[in-house]
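1. 3D model of this:
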Amino acid sequence: MNARNILTVYGKELRDSLRDRRTLVSMILIPLLMIPGIMMVAVGVSARVMSKARAEVPSVMLLGDGDSPAVHAALAANRRIRLVPAAPDWRQRIADKQLRAAVELPPGFDAALARGAAAEVKIYDYEGELRSGFAVGELRTFFNEYRQRTVAARLAARGLPAELIRPFEVRTENVAPPEKVGGNLVGGLIPYLVILLCFTGAMYPAMDLTAGEKERGTMETILCSPVARGDLVLGKFLMVLTASLATGLISLISSGATFLARGLVMGGAPAARALPGLPAIDPAGLLLVLVMVVPVAVLFCAVLLAVSLYAKSIKEASSYASPMIILIIVPAMMGLLPGLELNARLALVPILNLALVSKELVSGVYHWPYLALIFGSTCLYAAAALAFCVRMFNREDVLFRV
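-> Below you'll find the predicted structure:
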């Protein structure tokens with residue numbers, strides 16, 4: 001192995017790649033614009049949808065209220081709810097999102113309250129539907145207040161204070177710093193995008209430097225040069241790794257710049273809490289995410305080089321490499337699942353371990369034993385993949401497959 005020859009091959013491939021517009025687009029332009037664009041669009045759309053849903057007065061149907069005019073009048077007077085006439089197809093209308101919720105009162109509801117008997121009110125909704133959930137929230141608030149007024153009236157009739165049934169109040173207060181809150185909200189999204197961009201950033205250069213060389217007929221010329229095959233493949237590998245890491249680095253820089261710009265525009269944490277926007281994350285955690293990405297990028301580049309080297313053309317290499325995105329996306333998406341915590345077993349699962357630990361890092365939580373285990377195990381996987389790539393490059397039946 002000759003370091004000078006490796007660097008010569010690397011420099012040659014780097015210059016050629018920088019002249020290729022497609023490489024520059026995939027390595028710089030896409031990660032530079034993709035993450036800020038996704039975050040801004042996602043936050044803007046979600047804020048608009050939530051604001052529109054909250055501003056909508058939900059339509060609610062009241063069932064079995066024929067003998068309960070008091071609660072009907074109170075509910076009709078609530079401006080946060082719009083009562084619609086009862087209809088027999090109310091279940092289908094809720095399922096079709098034409099009706100947000102329905103309330104069923106038991107027979108003689110007003111009379112039961114007047115004599116102090118227990119009664120049960122049923123609320124029917126579309127579980128998981130945003131506007132239906134808002135309607136249920138409004139209905140729960142209304143009936144809680146109605147119940148409190150009823151109890152207060154009963155106590156007043158007996159000469160007892162209303163505070164008798166409310167001896168204390170319960171309030172919640174967040175004590176976690178903004179970085180932990182922000183990391184918990186979007187911590188899984190950032191490593192997911194970084195992992196995906198590292199893979200896609202290495203895909204095209206890997207195919208171009210192997211299958212592309214075969215397709216252009218320049219592979220034989222390169223092999224005739226007075227450079228060992230191991231040096232050739234390592235030089236090409238460094239070029240692909242540069243593209244992958246540059247894509248990941250640019251994506252992290254754009255992420256940090258997006259969050260920083262958000263903080264400057266909103267004027268700090270108080271404004272950030274007052275306005276809907278991007279949550280705060282730990283900048284040091286973002287840098288450590290890049291360090292943890294390096295062995296994963298080596299793994300990606302080695303596997304892509306080996307797979308692309310086996311192909312006879314870029315089209316064939318693309319057909320081999322494209323399905324591999326699914327193998328990247330699935331474990332990366334698993335890191336987004338709520339309740340999935342990092343442990344010793346998951347720390348040995350490639351890609352998933354990075355997604356889980358990165359979510360902790362951007363929250364400002366540093367599990368150093370897990371970090372060492374993840375980094376070490378991923379380095380072993382990457383070394384095995386790189387050794388396999390070098391072995392494939394030394395096989396004549398792979399280089400000259402027809």
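
2. tell me where the stretch 201-350 of the chain has helices.
-> Assigned by DSSP state H, counting those that start in this stretch, the stretch 201-350 of the chain shows helices spanning 211-216, 219-223, 229-266, 269-274, 283-310, 314-321, 324-334.

3. which of the ones you listed sits closest to L354?
-> helix 283-310 (5.5 Å; CB to CB). Bear in mind the C-beta positions are built from the backbone N, C-alpha and C, glycine included.

4. which strands and helices sit next to the closest one?
-> Helix 283-310 is packed against helix 189-209, helix 229-266, helix 314-321, helix 324-334, helix 352-361, helix 368-393, helix 396-399, with contacts defined by 3 or more CB pairs under 8 Å, 6 or more residues apart in numbering; DSSP states H and E.

5. can you give me the buried ones in that helix?
-> Buried residues in helix 283-310, defined by neighbour count with 16 or more other CB atoms under 10 Å: 283, 285-286, 288-290, 292-310.

6. list the contacts of the closest residue to D231 other than its chain neighbours.
-> Leaving aside its sequence neighbours, D231 sits nearest to N5 (CB to CB, 6 or more residues apart in numbering; 4.1 Å). Neighbouring residues of N5 by CB atoms under 8 Å, 6 or more residues apart in numbering: 227-228, 231, 235.

7. now a ChimeraX select for only the buried ones of those.
-> Here is the ChimeraX command that selects the buried residues among the contacts of N5 (16+ other CB under 10 Å):
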select :227,231,235
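
8. what's the farthest-apart pair in the contacts of N5?
-> So, these by CB to CB: farthest apart are A228 and G235, at 10.4 Å.

9. please report the distance of the spatially most central residue of the chain from T247.
-> By CA atoms, centre = their mean, the chain has its centre lying nearest to L189, at 3.1 Å. Separation of L189 from T247 (CB to CB, to the nearest Å): 17 Å.

10. quick one, what contacts L373?
-> L373 sits next to 344, 347-348 when contact means CB under 8 Å, 6+ apart.

11. again, only using 6 Å
-> A347 (CB atoms under 6 Å, 6 or more residues apart in numbering).

12. do you know how far it is from L346?
-> For L373, the distance to L346 - CB to CB - is 10 Å.

13. next: V398.
-> As judged by CB to CB, V398 and L346 stand 35 Å apart.

14. with A53 instead?
-> Remark: distance between A53 and L346 (CB to CB) = 36 Å.

15. swap in D125?
-> From D125 over to L346 the distance is 36 Å, taken as CB to CB.

16. now swap in A70 and tell me
-> Distance of A70 to L346, given as CB to CB: 57 Å.

17. just want to know which of the two has more residues nearby.
-> Neighbours were counted for A70 and for L346 using other CB atoms under 10 Å; L346 has more, 19 against 15.

18. what residues of stretch 86-94 count as buried?
-> Those would be 90, 93-94, for stretch 86-94 by 16+ other CB under 10 Å.

19. swap that for stretch 317-326, please
-> For stretch 317-326, a neighbour-count test (16+ other CB under 10 Å) marks 317-318, 321 as buried.

20. before we move on, back to that, run the chain-centre distance for the one helix or strand the residue nearest to D231 maps to.
-> For N5, the host element (DSSP states H and E) is helix 3-18. The chain centroid and the centroid of helix 3-18 are separated by 36 Å, computed with CA atoms, centre = their mean, to the nearest Å.

21. any idea of the mean pLDDT in it?
-> Averaging pLDDT along helix 3-18 yields 85.

22. same question for stretch 54-70.
-> For stretch 54-70, mean pLDDT rounds to 87.

23. span of that stretch from start to end?
-> 27 Å (CA to CA, to the nearest Å).

24. can you list the buried residues in that stretch?
-> Across stretch 54-70, burial judged by 16+ other CB under 10 Å covers 58-62, 64-65, 68.

25. contacts for that stretch next, please.
-> Residues from elsewhere that reach stretch 54-70, judged by CB under 6 Å, 6+ apart: 72, 81-84, 86, 90, 99-105, 108-110, 135.

26. run the last query once more with 7 Å
-> 71-72, 75, 80-84, 86-87, 90, 99-110, 131, 134-135, 138-139 (CB atoms under 7 Å, 6 or more residues apart in numbering).

27. among those residues, which are in strands?
-> Among the contacts of stretch 54-70, DSSP state E puts 82-84, 101-104 in strands.

28. would you turn those residues into TSV with pLDDT?
-> What follows is the ones in strands among the contacts of stretch 54-70, written out as TSV (pLDDT from 0 to 100):
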residue	pLDDT
R82	93
L83	92
V84	92
A101	94
A102	94
V103	94
E104	93
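
29. quick one: which of those residues has the most company?
-> Within these, A101 tops the neighbour count with 25 neighbours, counted by other CB under 10 Å.

30. not counting sequence-adjacent ones, nearest residue to it?
-> In space, A101 is closest to A135, 4.1 Å off (CB to CB, 6+ apart).

31. these two touch, right, the one you found and L99?
-> No - using CB atoms under 7 Å, A135 is not in contact with L99, being 8.9 Å away.

32. of these two, who's got more company?
-> A135 (29 against 24).

33. now do the contacts for the nearest residue to F393 once chain neighbours are set aside.
-> Distance criterion CB to CB, 6+ apart; nearest residue to F393, sequence neighbours excluded, is V233 at 4.0 Å. By CB under 7 Å, 6+ apart, the contact list for V233 reads 389-390, 393.

34. the nearest residue to L361 once chain neighbours are set aside and T221, how far apart?
-> Leaving aside its sequence neighbours, L361 sits nearest to G285 (CB to CB, 6+ apart; 3.7 Å). For G285, the distance to T221 (CB to CB) stands at 46 Å.

35. same question, M207
-> 19 Å.
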